[in-house]
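> Let me see the structure of the following:
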Amino acid sequence: MSVSIANAKAQSDKPPRYLMQAKQGQTRQRISQRHAGWLVLFSTLALLAVGVTSIELANEMSGVSVNYAKKQLIIAGMGLVIAFFCTIPHYKWLAYFRWPLAAITLIPLIFVLLPFVPESIVTPRNGARRWINLGLMDVQPSELVKVTYVAIMAGYLRYRDTYRRFSGLFMPAFIAFVPMSLILVEPDLGTSLLFIPALVAMLIAAGAKLSHLITTGSLAFLFAVVVIAISLVAAERGDYPLLREHQVERIQTVVGPYLGIDSDEQGRDFQASRAKTLIGAGGTVGHAPTKAAAFVHFSRLPERHNDMIFPVIVARWGFVGAVGVIGLYVLWVGGALLVAASCKVAFGRILVVGLATMVGTQAFINIGMTLGLLPITGMTLPFVSAGGSSLLAGFMMVGLIMNVAMRRPPYLWRPSFEYDGDDGAAVE
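Next up is the predicted model:
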């Protein structure tokens, strides 16, 4: 009798079960297998399948000795392994080690710009120094910098509220300026353009005031218009004070029809005109593989397996295929944003928003330039274009998004990004 009374007293002294679960939840994260990250993985694999098929089609009659489709599959296998390992450690460790990782990725970015480095190691292509030759494959440091930049910015914004003030936007802009300036010197205008949309999206996710962002964006847009106008006027005299000659020519390709500038389909407009012609040849549902390969071959489209892979897709599957590819990117970005919405941890939420914006913006720019809506920037189509570093960096992003998606928040967590609305101070 006395033993049963003692046991009953011991049970009554224990805290309620839900409090015990909450306490355990503070020390360990819950793992879930049902999350929106699977949408990201599914769309990635679907885009990869489209890419490998299109790369093989693009090189079917080209006579090249390199089997780019097989190489793409090998690199994709490496990417899947990297994505898997990115899901194992908790993503919070990325916040703790973001600065050492930034140094590791920035050093190669500086290395490719050193003039005394032999061309056997850093081989210039079309006047650009972007790649480090490792023998088996070329590594493009700017692709890895995109991932570490998002991690650095997410770590900076997670517990601050200074960016709620207009002056507080200076430091995030400076953090973005460092990798952007190095990438611009290579030169690689296309990749550098990805940092600004990612910065804006992460600031919005962190709670920055839209009025400040709109004002800053308007000033930046006005500045860009002035630079382009000055460059176009100076180009008529043969001067290029602000932009490089090839950059001005690419802008002329887009705005030329509206400014009365004569087209030059055998010169500066050649790649854009070939891409649009091939897209138009695709029709509604495209053509059989043999006929589509003939269209691609005789179009003489440069970089057909890389930057210009989208016209190859349209030639094979037509308008339906184009809509399908765009739909897969919408699914990819939408799944990532659902992961961000379900994440209650500040760092994880901003991290996923930044990665989603990087991929979405890159796909938008690549498709836009092949349609003649944007200047040609030499930017790849994520998970579709043939590539090494770009594909590995993409799978790294997928792994990080899956990492955030599978880890549910603890039972008790600190609310993130809640403001009183008066002076912009964060609510404790």
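> Could you use CA atoms for every contact and neighbour count after this?
Will do.
> Give me the below-cutoff pLDDT ranges for this structure.
1-30, 32, 61-66, 160-161, 232, 235, 240-247, 249-269, 409-428 (pLDDT under 70).
> again, 50 this time
Scanning the chain for pLDDT under 50 picks out 1-27, 419-428.
> all strands of it, in order?
Here the chain has its strands, by DSSP state E, at 30-31, 132-133, 138-139, 407-408.
> closest to residue 330 out of those strands?
strand 407-408 (23.5 Å; CA to CA).
> hang on, the earlier thing: would a markdown table of the strands of the chain with distance to residue 163 and mean neighbour count be doable?
Putting the strands of the chain into a markdown table (distance: least, CA to CA, whole Å; neighbours: other CA atoms under 10 Å) gives the following:
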| stretch | distance to residue 163 | mean neighbour count |
| --- | --- | --- |
| strand 30-31 | 31 | 14 |
| strand 132-133 | 37 | 18 |
| strand 138-139 | 35 | 19 |
| strand 407-408 | 27 | 20 |
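> Can I get those strands in CSV including distance to residue 42?
As requested, those are exported to CSV (distance: least, CA to CA, whole Å):
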stretch, distance to residue 42
strand 30-31, 20
strand 132-133, 31
strand 138-139, 26
strand 407-408, 19
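> mind checking which of those strands is nearest residue 47?
Across those, closest to residue 47 is strand 138-139 (CA to CA), at 21.9 Å.
> Can you tell me the closest non-neighbouring residue to residue 75?
Once flanking residues are discounted, residue 75 sits nearest to residue 388: 6.4 Å by CA to CA, 6 or more residues apart in numbering.
> what about that neighbour, distance to residue 146?
15 Å (CA to CA, to the nearest Å).
> Looking at these two, which is more packed in?
Applying other CA atoms under 10 Å to residue 388 and residue 146 shows that residue 146 carries more neighbours, namely 25 against 21.
> was I right about residue 128 contacting residue 188?
Yes. Assessed by CA atoms under 8 Å, residue 128 is found in contact with residue 188 at 7.5 Å.
> Mind checking which of the two has more residues around it?
It is residue 188, of residue 128 and residue 188, that has more neighbours when counted by other CA under 10 Å, with 20 against 15.
> what's near enough to touch the more buried one?
Counting by CA atoms under 8 Å, 6 or more residues apart in numbering, residue 188 makes contact with 128, 130, 377-378.
> Those residues, buried ones only, as a PyMOL selection?
Restricted to buried positions by 16 or more other CA atoms under 10 Å, the PyMOL selection for the contacts of residue 188 reads:
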select buried, resi 130+377+378
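> What degree of burial does the closest residue to residue 401 other than its chain neighbours show, as a neighbour count?
Of all residues not flanking residue 401 in the chain, residue 352 sits nearest, at 5.9 Å (CA to CA, 6+ apart). If you count neighbours by other CA under 10 Å, residue 352 ends up with 32.
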